[in-house]
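In: dropping a prediction and its sequence here:
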Amino acid sequence: MAKSRVYYECQTCGRRSPRYMGKCPGCGEFNTLIEMVEEPEPSPAAARKGVPRSQPQRLGDIVADAEERYPVPVEELSRVLGGGLVPGSVVLVGGDPGIGKSTLLLQVAALLEQVAGPVLYVSGEESERQIRMRAERLGLSAQQVFLVTETEMGAILAHVEQVKPRLLIVDSIQTTYFEGKAAAAGSVSQVRDCAAQLRELAKSSGIAIFLVGHVTKEGIIAGPRVLEHIVDTVLYLEGDRFQAYRLLRSVKNRFGPTNEVGVFEMRDRGLIEVANPSEVFIAERVVSAPGSAIAVTLEGTRPLLVEVQALASQTVYPNPRRTANGIDFNRMLLITAVLTQRVGIRLFEKDVFINVISGLKIDEPAADLAIAIAVASSVRDRPVYADMAFVGEIGLSGELRAVSQTSMRVREAAKLGFRQVMVPRTHRKDEAPPAGVKLLRVRTIGEALDLALLADGRESHERTDG
């Protein structure tokens with residue numbers, strides 16, 4: 001008879017080790033190895049005796065009908081999910097503590113019970129009374145939303161069998177565990193096995209499942225990386241807790257496009273969707289203020305206009321500071337180096353601070369031009385034209401490079417009243433801009449600064465459309 005053996009498993013990356021080590025050799029984290037007991041595996045002969053639960057089918061015999069979806073009354077969430085909630089799908093929602101994950105899912109439960117059927121909300125962190133108090137604060141009333149406080153997986157499955165819901169919400173996956181398994185709740189093995197069991201439940205019964213996941217200090221979902229491979233969709237709820245706006249971002253979706261984003265505003269009645277986020281993000285912009293520029297960025301298939309602010313101040317220290325909020329720090333260093341070397345702006349004696357308004361995070365290089373214009377505007381103390389937006393990536397030689405979906409970005413800027421959009425010269429000339437909008441095609445960052453910054457306080461001067 002095979003014997004059980006003891007091993008040590010990292011709670012961050014899942015690496016196994018035969019002995020204890022203070023530092024995990026896989027991920028480099030300290031004090032993350034936990035003692036585990038490995039149960040003996042069945043013999044190959046016993047494994048072969050199992051009866052298969054499925055039968056192979058020819059690819060051409062499989063019916064490929066379009067997947068029916070539950071309509072989600074929240075348009076921003078429906079966009080991120082790819083047009084609705086697919087029955088039998090597993091959606092993982094992550095985010096910082098207090099960002100609004102439980103609030104959003106409680107609102108979704110109250111809305112979907114009207115179109116999908118009964119909803120079972122399983123909480124491992126709050127009591128039924130606390131959830132009821134939140135529902136009353138949000139003004140929610142639902143007759144087919146069932147609440148239960150439970151963390152043991154066997155009991156959760158029993159509740160599912162009793163209620164027979166069409167939607168199951170587990171808050172959170174890190175608090176669930178299997179009775180009798182030699183591991184604590186939240187460990188790598190418990191999270192992996194519980195998620196796999198819920199996935200089997202979803203695929204076999206057609207129940208749509210939302211899982212809430214904790215995040216680490218780096219902002220990624222805690223637990224083994226295999227957790228994100230098990231589920232069908234991974235959503236992140238992002239935003240500054242001191243700001244009212246939240247971004248629901250999709251990073252994986254088997255039933256729709258990835259990198260979609262939904263915009264919400266946190267109010268006393270819960271998360272309210274923002275229909276026109278571009279208008280909201282630039283609503284408090286101070287016109288003709290030095291160091292401010294409008295970038296047209298793309299979040300999935302949605303163009304957004306965001307304000308980028310920069311401040312360059314004289315420093316008395318030999319090593320000037322570089323602070324980036326909302327953009328990649330290395331990207332900021334690249335842009336400041338290009339401005340210093342290719343344009344001649346003396347940034348080596350100035351502290352540079354860059355901030356994206358409303359707590360947004362810009363990951364794509366299409367905002368390079370707006371960032372560079374904002375920095376140069378602050379250094380030269382010359383404001384940018386109020387009706388001008390910027391699109392373009394900056395190369396190390398100071399040239400501007402084209403980005404994807406430029407025409408869509410230009411149309412979004414035109415809808416919000418911008419009459420001039422600066423784009424790289426390589427942008428296709430056969431695509432006419434909207435009526436009343438002028439495209440300023442530039443080749444280098446030096447040309448862009450000559451056209452973008454106000455000269456001697458004048459509001460306009462002659463330009464040529466290259």
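Out: Happy to help now that I have it.

In: going forward, measure contacts and count neighbours with C-alpha atoms only.
Out: Noted.

In: how far does stretch 179-192 sit from its chain's centre?
Out: For stretch 179-192, the separation from the chain centroid amounts to 28 Å (computed by C-alpha atoms, centre = their mean, to the nearest Å).

In: list the buried residues for that stretch?
Out: 183-192 (16 or more other C-alpha atoms under 10 Å).

In: same thing with stretch 433-446?
Out: Judged by neighbour count (16+ other C-alpha under 10 Å), stretch 433-446 contains these buried residues: 433-434, 437-446.

In: quick one: which of those sit in strands?
Out: Taking DSSP state E as the definition of strands, the buried residues of stretch 433-446 contribute 438-442.

In: just flag the most distant two among these.
Out: Lys438 and Val442 (12.6 Å; C-alpha to C-alpha).

In: and the closest residue to Arg346 other than its chain neighbours, backbone torsions?
Out: The spatially closest residue to Arg346, leaving aside those adjacent along the chain, is Thr340, at 5.8 Å (C-alpha to C-alpha, 6 or more residues apart in numbering). The phi and psi torsions at Thr340 (degrees, to the nearest 10) take the values phi -70, psi -50.

In: okay, now the domains of the protein?
Out: Per automatic domain parsing, the domain ranges recorded for the chain read 5-42, 68-275, 280-452.

In: with mean pLDDT and distance to Gln57 added, can I get those domains in a markdown table?
Out: Shown next, in a markdown table, are the domains of the chain (pLDDT from 0 to 100; distance: least, C-alpha to C-alpha, whole Å):
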| stretch | mean pLDDT | distance to Gln57 |
| --- | --- | --- |
| domain 5-42 | 79 | 29 |
| domain 68-275 | 89 | 17 |
| domain 280-452 | 91 | 36 |
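
In: for Ala337, which three-state class applies?
Out: Under the three-state scheme (DSSP: H, G, I helix; E, B strand; the rest coil), the conformation of Ala337 reads as helix.

In: show me which helix runs longest in this structure.
Out: Taking residue count as the measure and DSSP state H as the definition, the longest helix of the chain comes out as helix 188-205.

In: and that one, what's buried?
Out: Applying a neighbour-count criterion of 16+ other C-alpha under 10 Å, the buried positions in helix 188-205 are 188-196, 198-199, 201-202.

In: now swap in stretch 155-174 and tell me
Out: When burial is assessed from 16+ other C-alpha under 10 Å, stretch 155-174 yields the following buried residues: 156, 159-160, 164-174.

In: tell me which of the residues you listed fall in helices.
Out: Using DSSP H to define helices, the subset of the buried residues of stretch 155-174 located there is 156, 159-160.

In: would you map the helices across this structure?
Out: Counting by DSSP H, residue ranges of the helices within the chain are 44-48, 75-81, 101-112, 128-138, 153-163, 188-205, 226-230, 277-281, 329-338, 368-380, 406-415, 445-452.
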